[in-house]
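>>> let's see this in three dimensions:
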Amino acid sequence: MAALAWLLIPLVAAVAAGLWGSWANRTRKVRSDGPELDGYARFREAMEKSRTGA
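I've put the predicted structure just below:
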């Protein structure tokens, strides 16, 4: 019986990790990459300005 309990611990942990992963990913479908891409565009513009000014 003790061996069964030790085998159930990783199984319960895997199920909990799967549930948490699906819960954490729930807003990713609703949210687009717009803000991240805007930030990247601003970063590229800033890097180009610093390169041309030197």
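>>> in the chain, which spans are helices?
Listed in chain order, the helices of the chain (DSSP state H) span 2-24, 34-53.
>>> who's in contact with the longest one?
Residues outside helix 2-24 that contact it (Cβ atoms under 8 Å, 6 or more residues apart in numbering): none. The way it works is simple: take the backbone N, C-alpha and C, and place the C-beta from them, glycine included.
>>> in the protein, where is pLDDT below threshold?
Counting by pLDDT under 70, the chain shows low-confidence ranges at 28-31, 51-54.
>>> circling back: just put the helices of the chain in JSON lines and tack on mean neighbour count.
Formatted as JSON lines, those follow (neighbours: other Cβ atoms under 10 Å):
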{"stretch": "helix 2-24", "mean neighbour count": "9"}
{"stretch": "helix 34-53", "mean neighbour count": "9"}
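>>> how much space between the residue nearest in space to the middle of the chain and residue 45?
In the chain, the centroid-proximal residue (Cα atoms, centre = their mean) is residue 25; its distance is 7.7 Å. Residue 25 sits at a distance of 31 Å from residue 45 (criterion: Cβ to Cβ, to the nearest Å).
>>> please apply the same query to residue 19.
Residue 19 is 41 Å from residue 45, by Cβ to Cβ.
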